[in-house]
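Asks: Give me coordinates for this.
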Amino acid sequence: MKTTVSVYDFRDAFNSVRPNTFSYEALGHLFEYLERFEEDTGEEMELDVVAICCDFAEDTWQKIADQYGLEPNGENDEEKLERICDYLADQGAYIATVGDCVVYRQF
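Replies: I've put the predicted structure just below:
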């Protein structure tokens, strides 16, 4: 049996299993990304909060740069954030920007 999950169900699942892993807004972007993935591949996914937390993250540009050994060019934080987003997009990992954080697929 399968159950259709709404964005509200998705957020509730994260809040009960892994609270504070993603912001409210980031969970909305992640839900949309995963729904598009299902539509593009024609395969339904199982909602596995722990697995999603292993595959995806929400971090500041500084943490992403440290994690991947990057030194983004730019005169200010906004330009550096843009460079990190461009790098993640080139890797096929960028999902969304939420304030000063980025939602992305870890690689």
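
Asks: before we move on, what SS does the spatially most central residue of the chain have?
Replies: Residue closest to the average C-alpha location in the chain (Cα atoms, centre = their mean): residue 103, at 3.1 Å. Classification of residue 103 using DSSP: H, G, I helix; E, B strand; the rest coil returns strand.

Asks: Give me the secondary structure label for the closest residue to it other than its chain neighbours.
Replies: The spatially closest residue to residue 103, leaving aside those adjacent along the chain, is residue 95, at 4.3 Å (Cβ to Cβ, 6 or more residues apart in numbering). Where you see a C-beta, it was placed from the backbone N, CA and C, and this is true even at glycine. The three-state label given to residue 95 by three-state DSSP is strand.

Asks: any chance you could map the strands in this protein?
Replies: Counting by DSSP state E, the chain has strands at residues 56-60, 94-98, 101-105.

Asks: and those strands, which is most packed in?
Replies: Comparing these by mean neighbour count (mean count of other Cβ atoms under 10 Å), strand 101-105 comes out on top with a mean of 22.

Asks: So which other helices or strands are in contact with it?
Replies: Strand 101-105 sits against helix 24-41, strand 56-60, helix 61-68, helix 77-90, strand 94-98, with contacts defined as 3 or more Cβ pairs under 8 Å, 6 or more residues apart in numbering; DSSP states H and E.

Asks: before we move on, back to that, could you dump the strands of the chain to CSV with mean pLDDT and distance to residue 30?
Replies: Listed next are those as CSV, based on pLDDT from 0 to 100; distance: least, Cβ to Cβ, whole Å:
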stretch, mean pLDDT, distance to residue 30
strand 56-60, 98, 6
strand 94-98, 98, 6
strand 101-105, 98, 6
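
Asks: Mind checking the ones you listed for the one nearest to residue 24?
Replies: strand 94-98 (9.2 Å; Cβ to Cβ).
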